[in-house]
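Novice: The following comprises the amino acid sequence and a computationally predicted model.
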Amino acid sequence: MAKRRGGHGPGPGHGHEKRERRDPEKDRERNEQFHDRVAGKYDTMYTGAYWDAYFHLSWEGIRPHIPQDLRAPLVDLGCGTGLYGLRLLKSGYPVTFVDLSQKMLDQAQAKAEALGPRTQGLATFVKADLADLSALPDGRFALAVAQGDPISHAGERAPRALRECARILAPGGVLIASVDNTLAAVDHYLEDGDVPGLESLLRSGLTDWLAHDESERFRVRMFRPDEIRTLCREAGLEVIDLFGKPVLPLRRHAALLEDERAGEALLKIERRLCREEAMLGRASHLQVAARKPLG
Ligand SMILES: C[S@@+](CC[C@H](N)C(=O)[O-])C[C@H]1O[C@@H](n2cnc3c(N)ncnc32)[C@H](O)[C@@H]1O
């Protein structure tokens, strides 16, 4: 999650007209290459008061959906270095860690092993693309976490990734996914005077991950709030929560978060506003919780 304007990474790109026809397989390779390269330093890339608040708000959105039964299998999709999956593992749940990047999985696995015998046998590591989770069975997981926007990173295959997430959930199971918000990228296009790029983004939701090295740029699918709701429904999931993350411009005003009193007050305001429909457009990310029906 490096320096993307309004997002976790390097940034939405432009020149979409030129890049309209792209090979999704090439995008997958670039995505994997980028994440393999940053895996070793990933944990140092998102530190400080803003990211602490961001991860805290993300976790608050996950916590109410964690099953009571410690035997329920959980999955961390696009696990990266394991931020969320390890937390669940430490609580005693069996957790499957999934990532496109072997180097990210290696980081997560080393941390899981360092937890010692208490969690032994509870962690499984699977290298897979969210758009093809054929290594995982139907109907298995009570909770699937997909944080840090791996569904967006699936680019043109994001709808397929969402269907795969739905397939591996047990009836009644919940997916909690963070995705990039299209509306957060609008200013960026205007600042660059890129009106065709903006038109293309609004038409397709697709942009480029602006890695510094061009060979690591891959397609990212952004969503407007109603688009992610619709895609969840089309994947057979019922949306039970949707909030902006964050809806206040906390990144720009991160210094305020460092002051304990101001920080707490701001987070209180953030929690109060983050589910208001009118505020969703301001958010850099959207966090959705969607349940697979029981019957
Ligand atoms: C921004 S990181 C987030 C890591 C972790 N979930 C977190 O929130 O700290 C995104 C992760 O998703 C993985 N990823 C991206 N696209 C993916 C895909 N199509 N399938 C599986 N993993 C993917 C990347 O390799 C990376 O580890």
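Specialist: Arrived safely, thanks for sending. All values derive from a computational prediction rather than experimental measurement.
Novice: What residues does the closest residue to the ligand within the stretch 151-295 of the chain make contact with?
Specialist: Nearest to the ligand in the stretch 151-295 of the chain, going by Cβ to the nearest ligand atom, is H153, at a distance of 3.2 Å. For the C-beta atoms, the positions are set from N, CA and C on the backbone; glycine is no exception. Taking Cβ atoms under 8 Å, 6 or more residues apart in numbering, we find H153 in contact with N31, G78, L100, W209, F218, V220.
Novice: In strands only, show me these.
Specialist: Counting by DSSP state E, the contacts of H153 place V220 in strands.
Novice: Quick one: which of the contacts of H153 is the most crowded by neighbours?
Specialist: Highest neighbour count within the contacts of H153: V220, with 29 neighbours (other Cβ atoms under 10 Å).
Novice: So that residue sits against I151, correct?
Specialist: No. Judged on Cβ atoms under 8 Å, V220 makes no contact with I151 at a distance of 10.0 Å.
Novice: In the stretch 151-295 of the chain, where is pLDDT below threshold?
Specialist: Within the stretch 151-295 of the chain, not a single segment meets pLDDT under 70.
Novice: How far off centre is the longest strand along the chain?
Specialist: As assigned by DSSP E, the longest strand anywhere in the chain is strand 169-180. Taking Cα atoms, centre = their mean, to the nearest Å, the mean C-alpha location of strand 169-180 is offset from the chain mean by 11 Å.
Novice: following it, which helix or strand comes up?
Specialist: Downstream of strand 169-180, the first helix or strand assigned by DSSP states H and E is helix 186-191.
Novice: Within the helices and strands, which one has Q107?
Specialist: Using DSSP H and E, Q107 sits in helix 102-114.
Novice: Whichever helix or strand comes after that helix near the ligand anywhere?
Specialist: Sequence order places strand 123-127 as the next helix or strand after helix 102-114, per DSSP H and E. No. Residues of strand 123-127 are not located near the ligand by Cβ under 6 Å from any ligand atom, the shortest gap being 8.6 Å.
Novice: how big is the angle separating the helix or strand containing K26 from helix 102-114?
Specialist: Assigned by DSSP H and E, K26 belongs to helix 24-38. On the basis of axes from the mean of the first three to the mean of the last three Cα atoms, to 10 degrees, helix 24-38 is oriented at 50 degrees to helix 102-114.
Novice: Excluding sequence neighbours, find me the nearest residue to L70.
Specialist: Once flanking residues are discounted, L70 sits nearest to G92: 4.7 Å by Cβ to Cβ, 6 or more residues apart in numbering.
Novice: Quick check: the one you found vs the ligand, distance?
Specialist: To the ligand, G92 is 20 Å away according to Cβ to the nearest ligand atom, to the nearest Å.
Novice: so who does that residue touch?
Specialist: When contacts are counted by Cβ under 8 Å, 6+ apart, G92 touches L70, T119, L122.
Novice: Within reach of the ligand, which of these are there?
Specialist: The subset of those within reach of the ligand, by Cβ under 6 Å from any ligand atom, is empty.
Novice: Helices of the stretch 1-150 of the chain, residue ranges please.
Specialist: Ranges of helices in the stretch 1-150 of the chain, per DSSP state H, counting those that start in this stretch, are 24-38, 42-45, 49-62, 83-90, 102-114, 150-153.
Novice: other SSEs contacting the fourth one?
Specialist: So that's helix 83-90. Judged by 3 or more Cβ pairs under 8 Å, 6 or more residues apart in numbering; DSSP states H and E, helix 83-90 is in contact with helix 49-62, strand 74-77, strand 95-99, helix 102-114, strand 141-146.
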